[in-house]
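Chemist: sequence first, predicted model second:
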Amino acid sequence: MCAFRLSLNIPTCNCCPVLTGSTSIYIWQNVKKSYQSGGSNWWPTGQMHHIKATPTKLCEWEKVIEAEQRTSKKWELTPEGQEIIHEGSHEVRVFNSIPSEGLLQSELMQLPSGKVGFSKAMSNKWIWLDKNSENGPRIFQAVESVQDTVREKLLQVQNGEANCLEEKDKNELKKRKLLVEVTIKTYWVKKGSAFSTSIAKQETDLTPEMIASGSWRDLKFKSYNFEALGIIPESGHLHPLLKVRTQFRQIFLEMGFTEMPTNNFIESSFWNFDALFQPQQHPARDQHDTFFMKDPAEATDFPMDYLKRVKRVHSQGGYGSQGYKYEWKLEEARKNLLRTHTTAVSARMLYQLAQRFTPAKYFSIDRVFRNETLDATHLAEFHQIEGVVADYGLTLGDLMGVLKEFFTKLGITQLRFKPAYNPYTEPSMEVFSYHQGLKKWVEVGNSGVFRPEMLLPMGLPDGVSVIAWGLSLERPTMIKYGINNIRELVGHKVNLQMVYDSPLCRLDA
């Protein structure tokens, strides 16, 4: 039977290198050539050293060719062993470097082969050491000449005569890292029971064209390999916003805050504006800034006693305030809209808290909507993060302290506070952080102390102050991930590869 030997240099590991289709054809062609000529030549050893193959892959040609793997071991020189072939052993080089008047040990140790050669030469009694010599220990030759047996043994290995060496010699050279024992995997290849001098291409896919033309009847299809590993399903990827949102939420929980329910995207103008002591003619309530609902256009369910108190403080004043002195209209308060801020949620929670007050800390993270012009830092839909603290005697200093602790936990230490105006807070502050990508200070939040005109109509006790702040989720995320344009973070222009590649974001203090 004709057989070929393939000497393949394959690492001994659990991986499965791939035998390419062109290599398979190469093997088949040589089996075919030998079959046609009736020869029984060996495959030249080393001709296929560059091929990485496995028996499993060779058996893709099941019944066409048969492959049998055999393993053998051989000794090869290491780079250091090859160096000794050319330069001589370390001990011989040390011996040859010693002149008749001797050589200081300190100078010998500076030679490339000094340390190893000195030890071996002393062990062989080729040299001796005079410790009482002037200027320090001096080394002298102890014999007239030496024979480099190490180099001779390595030459035998290089010439393929390693079997002539005794085991102790090979082990000694291996211990000195001059030899290494390598494993050679050899494949014996011969024609199988279904061997043919021609090979039909095996199809892997059944196409609609094959079915329509009927050509599939004359084609040979490749069998399924149910033992092959399939493609690992790609897992889901968290968007950077969700990663940062999780970190924000964790920070609030660590600071002792309770999360507010934020499941109402649609809000009435009453809770979104009026309850916050924001006048009905305020520009923010214009269609250019707010998305109003067409259906349902109006809300009907309000706490009427509270609504009357809100109407009174707007139109007539009260609680030490003159109010806005205008005709407050219920139909304006009933208009439904997409909430412009989550402060509407805070207003609902504070009203509930006022029914039986205890000091509390709340937070929320959810979507809000603004009818804004889109640019590098603004979207019509974004996430707002809000924190609220209600207690007796809170001041602006408490607010600044909480903000500093909060943003420090986010890893944002470059902060600036700027006086601002809000209808429902007094005093009010805008919060800015420096953006390294944009090279400028970017507004990341708004804050303030809720006005008495907002809190007292709810029924909160005198002396209770409420400090609050809000910020977008998108801008801190842009700062942490170095994104310059918010449209690269949210929207149809997002590069999904960025989502796949973005690591978990750690907001360390």
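Modeler: Received, thanks.
Chemist: check contacts around residue 140.
Modeler: 98, 102, 127, 128, 130 (C-beta atoms under 8 Å, 6 or more residues apart in numbering). From N, CA and C alone the C-beta is placed, and that goes for glycine too.
Chemist: again, 10 Å this time
Modeler: 98, 99, 100, 101, 102, 103, 127, 128, 129, 130, 133 (C-beta atoms under 10 Å, 6 or more residues apart in numbering).
Chemist: do the same with residue 221
Modeler: Residues near residue 221 by C-beta under 10 Å, 6+ apart: 202, 203, 204, 205, 206, 210.
Chemist: ok, residue 347 next?
Modeler: 267, 270-277, 341, 388, 424, 450, 454-455, 458.
Chemist: next: residue 202.
Modeler: By C-beta under 10 Å, 6+ apart, the residues touching residue 202 are 60, 219, 220, 221, 222, 223.
Chemist: measure residue 263 to residue 207 for me?
Modeler: 50 Å (C-beta to C-beta, to the nearest Å).
Chemist: so the residue of the chain most remote from its centre, which state does it fall into?
Modeler: Here the chain reaches farthest from its C-alpha mean at residue 144, the gap being 66.6 Å by C-alpha atoms, centre = their mean. Of the three states, residue 144 takes coil according to DSSP: H, G, I helix; E, B strand; the rest coil.
Chemist: relative to residue 108, how far out is it?
Modeler: 19 Å.
Chemist: helices of the stretch 351-500 of the chain, start to end?
Modeler: Secondary structure of the stretch 351-500 of the chain by DSSP state H, counting those that start in this stretch: the helices cover 396-409, 452-455, 474-481, 496-501.
Chemist: what is the shortest one packed up against?
Modeler: In terms of contacts (3 or more C-beta pairs under 10 Å, 6 or more residues apart in numbering; DSSP states H and E), helix 452-455 is packed against helix 304-315, helix 343-355, strand 425-435, strand 464-472.
Chemist: identify the residues contacting that helix?
Modeler: Applying C-beta under 10 Å, 6+ apart, the contact partners of helix 452-455 are 274-278, 310, 313-314, 317-324, 343, 347, 350-351, 354, 390, 423-426, 449, 460-462, 464-466.
Chemist: kindly write the PyMOL command that selects the buried subset of the residues you listed.
Modeler: The buried residues among those can be selected in PyMOL (16 or more other C-beta atoms under 10 Å) with this line:
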select buried, resi 274+275+276+277+278+310+313+314+318+319+323+324+343+347+350+351+354+390+423+424+425+426+449+460+464+465+466
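Chemist: not counting sequence-adjacent ones, nearest residue to residue 128?
Modeler: Leaving aside its sequence neighbours, residue 128 sits nearest to residue 142 (C-beta to C-beta, 6 or more residues apart in numbering; 4.7 Å).
Chemist: and what of residue 405?
Modeler: In space, residue 405 is closest to residue 255, 7.2 Å off (C-beta to C-beta, 6+ apart).
Chemist: surely that neighbour is in contact with residue 403?
Modeler: No: contact criterion C-beta atoms under 10 Å: residue 255 and residue 403 do not qualify, at 11.5 Å.
Chemist: who has more neighbours out of the two?
Modeler: Taking neighbours as other C-beta atoms under 10 Å, residue 255 and residue 403 compare with residue 403 leading, 20 against 15.
Chemist: for that one, give its distance to residue 429.
Modeler: 8 Å.
Chemist: run through the stretch 1-150 of the chain and note the low-pLDDT ranges.
Modeler: Applying pLDDT under 70 to the stretch 1-150 of the chain flags the ranges 1-63.
Chemist: now do 80
Modeler: Residues of the stretch 1-150 of the chain meeting the criterion pLDDT under 80: 1-70.
Chemist: now the strands for it?
Modeler: In chain order, the stretch 1-150 of the chain shows strands spanning 4-8, 65-77, 103-104, 127-130, 138-141, with DSSP state E, counting those that start in this stretch as the criterion.
Chemist: mind putting those strands into JSON lines with distance to residue 214?
Modeler: Output for the strands of the stretch 1-150 of the chain, formatted as JSON lines (distance: least, C-beta to C-beta, whole Å):
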{"stretch": "strand 4-8", "distance to residue 214": "40"}
{"stretch": "strand 65-77", "distance to residue 214": "32"}
{"stretch": "strand 103-104", "distance to residue 214": "91"}
{"stretch": "strand 127-130", "distance to residue 214": "89"}
{"stretch": "strand 138-141", "distance to residue 214": "91"}
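Chemist: how about the ones you listed, which one is nearest residue 501?
Modeler: strand 4-8 (37.4 Å; C-beta to C-beta).
Chemist: returning to that earlier point: between residue 403 and residue 429, which contacts overlap?
Modeler: 417, 445, 447, 469.
Chemist: run the chain-centre distance for stretch 88-100.
Modeler: Mean C-alpha position of stretch 88-100 versus that of the full chain (C-alpha atoms, centre = their mean, to the nearest Å) differs by 55 Å.
Chemist: how about that stretch: buried residues?
Modeler: 88, 89, 90, 91, 92, 93, 94, 95, 98.
Chemist: return the subset of these lying in helices.
Modeler: Those of the buried residues of stretch 88-100 mapping onto helices are 90, 91, 92, 93, 94, 95, per DSSP state H.
Chemist: got the end-to-end distance for stretch 175-182?
Modeler: End-to-end distance for stretch 175-182, by C-alpha to C-alpha, to the nearest Å: 15 Å.
Chemist: and it, average pLDDT?
Modeler: For stretch 175-182, mean pLDDT rounds to 90.
Chemist: OK, contacts around the residue nearest to residue 128?
Modeler: 95, 98, 121, 122, 124, 125, 126, 127, 128, 129.
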